[in-house]
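Enquirer: Sequence below, structure please.
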Amino acid sequence: MRYRALLPLLFVAACATAPKVPDATPAPPPPVAVPVLPPPPAYTLPTNAEFDHWKAAYRQAAIARGVPAATVDIVLAGVQPVQRVIDLDRRQPGDTKSARFDSYLARQVDAARINGGTAAANRMSATLATVQARTGVPPEIMVAIWGLESAYGKVTGDFDVPASLATLAWEGRRAVLFTRELDAVVDIVGRGLAPRSALRGSWAGAMGQPQFLPSSYLAYAVDGDGDGRADIWSSEADTLASIGNYFAKKGWKPGLSWGNVVTVPADFDRARIKNPIAPKTCVRPLEKHSQWLPISQWKAMGLTSAAAFPDDAVLATLIEPDGPGAGAYLATANYRVIMEYNCSNFYALSVALLGDAITNRAH
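Expert: Numbers count the residues shown, from 1 in each chain. Down below sits the predicted model:
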């Protein structure tokens, strides 16, 4: 689960008023001296004293709300600010209109990821069947999330999660978010759910094979192998069970597909399906979604699909991530559940299409 940021730069210009020119034959005015400003300094971390002051204040606040001092000290032991974390946070690209889904999809859903997903689905078939029976989430969706988040457990990140979160919480741009996640880490350690040494992950604090933020771990991680622990770092069964539990808690509807790849008629009038309700959250991705209409109405307007559509009464929304004529998808309510994992059409469609590819390869 990922976050975006953009660092604005301030530029200063200086000017001067030209001197009054006499009525006699004028002499050329002297050139106006324009000061040359140095480039703005790169963002740098606080001094050790500043960061230590922040840590002391965080520790005091945690103890004040009832956390044992020993627990806070275990989490914060050796934690220092990490310049690499700040650099990566500041470099995140914005959601630009120039980005293309077809290019993104080619990178994310390639032969290696499809083959890896097919092998993982076969290897973990018993676990996947058990989780599906409990949650209603199909195996291919769980495996696709696993593949996109950590390449089926191979790439989970090697940042110290408490240090990353403390750096981002101190830096202040999203202090509330990352302080809350650091609080969750303290809770994880305090409750003995995971040892401090296991808390490694991405620069933004996403942990383990499903790349859960600490708060998501507390809310959704479950034991899938029967050992009494929710170990999303080293247990594949726990990872898949936790992903399935996440989707079930977010409202996955059993038996309903995510949607369909569709062909739209060349003369299709998109103005008639524009959503009149502006989204209040996840704004840019959801602005790409049409209004919700029954499948029967989409079919009546000439949309076709190589795969079977859901029942005629099912509501779906049309998504064309690269614009008209460049790939179209009818998405059901379960597609929106995929977006709960990462609010991005590129990501959610990649999960859906990787899942379809894994299913097709398995059959």
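
Enquirer: Buried residues of stretch 63-71, list them for me.
Expert: Residues of stretch 63-71 classed as buried: Val67, Thr71 (neighbour count, 16 or more other Cβ atoms under 10 Å). All C-beta atoms are positioned from the backbone trio N, CA, C, and that covers glycine.

Enquirer: just how off-centre is it within its chain?
Expert: Here the centre of stretch 63-71 is set off from its chain's centre by 31 Å, with Cα atoms, centre = their mean, to the nearest Å.

Enquirer: In CSV, list the C-alpha atoms belonging to it.
Expert: Provided in CSV are the C-alpha atoms of stretch 63-71 (Å, rounded to 0.1, in the frame of the first residue of the first chain):
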residue,chain,number,x,y,z
ILE,A,63,3.9,6.0,28.0
ALA,A,64,1.2,8.6,28.8
ARG,A,65,-1.3,6.5,26.9
GLY,A,66,-0.4,3.4,28.9
VAL,A,67,2.4,1.7,26.8
PRO,A,68,5.1,0.2,29.1
ALA,A,69,8.3,2.2,28.8
ALA,A,70,10.2,-1.1,28.2
THR,A,71,8.1,-1.8,25.1
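
Enquirer: Once you drop chain neighbours, what's closest to Leu88?
Expert: Setting aside the residues directly before and after it, Leu88 is nearest to Trp203 in space (Cβ to Cβ, 6 or more residues apart in numbering), at 4.7 Å.

Enquirer: For stretch 304-320, could you pull out the residues that count as buried?
Expert: Buried residues in stretch 304-320 (16+ other Cβ under 10 Å): Ser305, Phe309, Pro310, Val314, Leu315, Ala316, Thr317, Leu318, Ile319, Glu320.

Enquirer: Kindly indicate which of the residues you listed lies nearest Asn345.
Expert: Using Cβ to Cβ, Ile319 comes nearest to Asn345 of the buried residues of stretch 304-320, at 6.0 Å.

Enquirer: hang on, that closest one packs against Ala352?
Expert: No - counting by Cβ atoms under 8 Å, Ile319 stays clear of Ala352, with 10.4 Å between them.

Enquirer: The closest residue to Thr156 other than its chain neighbours - how many residues pack around it?
Expert: Among residues not flanking Thr156 along the chain, Ser150 sits closest, at 5.0 Å (Cβ to Cβ, 6+ apart). Counted with other Cβ atoms under 10 Å, the burial measure for Ser150 works out to 21 neighbours.

Enquirer: Ser150 contacts Gln211, doesn't it?
Expert: Yes - taking contacts as Cβ under 8 Å, Ser150 lies within contact range of Gln211: 6.1 Å.

Enquirer: anything in contact with each of these two?
Expert: Thr156 (Cβ atoms under 8 Å, 6 or more residues apart in numbering).

Enquirer: How are the strands of the stretch 151-300 of the chain distributed by residue range?
Expert: 159-160, 200-201, 259-262, 293-294 (DSSP state E, counting those that start in this stretch).

Enquirer: on that earlier part again, show me the common contact partners of Ile319 and Ala352, please.
Expert: The overlap between the contact sets of Ile319 and Ala352 (Cβ under 8 Å, 6+ apart) consists of Tyr329, Ala331.

Enquirer: Make sure I have this right: Pro324 is in a strand.
Expert: No - counting by DSSP: H, G, I helix; E, B strand; the rest coil, one finds Pro324 to be coil, located in no strand.

Enquirer: What's the local residue count around it?
Expert: Neighbours around Pro324, by other Cβ under 10 Å: 11.

Enquirer: Check Val75 too.
Expert: Val75, neighbours per other Cβ under 10 Å, totals 26.

Enquirer: Ok, Asn115 next?
Expert: 13.

Enquirer: and what of Gly323?
Expert: Quick note: Gly323 (other Cβ under 10 Å) scores 13 neighbours.

Enquirer: Could you list the domains of this structure?
Expert: Segmentation of the chain into domains, based on automatic domain parsing, reads 45-253+339-363, 259-331.

Enquirer: Can you add mean pLDDT and give those domains back as TSV?
Expert: Formatted as TSV, the domains of the chain follow (pLDDT from 0 to 100):
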stretch	mean pLDDT
domain 45-253+339-363	94
domain 259-331	96
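
Enquirer: hey, which of the ones you listed is tucked in deepest?
Expert: Most buried of the domains of the chain, by mean neighbour count (mean count of other Cβ atoms under 10 Å): domain 45-253+339-363, with a mean of 18.

Enquirer: residue ranges of the helices in the stretch 51-200 of the chain, please?
Expert: 69-76, 83-90, 101-108, 111-123, 125-135, 139-150, 161-171, 175-190 (DSSP state H, counting those that start in this stretch).

Enquirer: how much does the first one deviate in direction from helix 175-190?
Expert: Using axes from the mean of the first three to the mean of the last three Cα atoms, to 10 degrees, the inter-axis angle of helix 69-76 relative to helix 175-190 is 110 degrees.

Enquirer: ok, Lys249 - contacts?
Expert: Lys249 touches Ala219, Tyr220, counting by Cβ under 8 Å, 6+ apart.

Enquirer: quick one: it and Thr118, what's the gap?
Expert: 27 Å (Cβ to Cβ, to the nearest Å).

Enquirer: so how far is Ala144 from the residue lying closest to Gly147 once chain neighbours are set aside?
Expert: In space, and not counting its chain neighbours, Gly147 is closest to Gly117: 4.9 Å by Cβ to Cβ, 6+ apart. Relative to Ala144, Gly117 is positioned 6 Å away (Cβ to Cβ).

Enquirer: Val67 now?
Expert: Counting by Cβ to Cβ, the gap from Val67 to Ala144 is 37 Å.

Enquirer: same question, Pro210
Expert: Distance from Pro210 to Ala144, by Cβ to Cβ: 12 Å.
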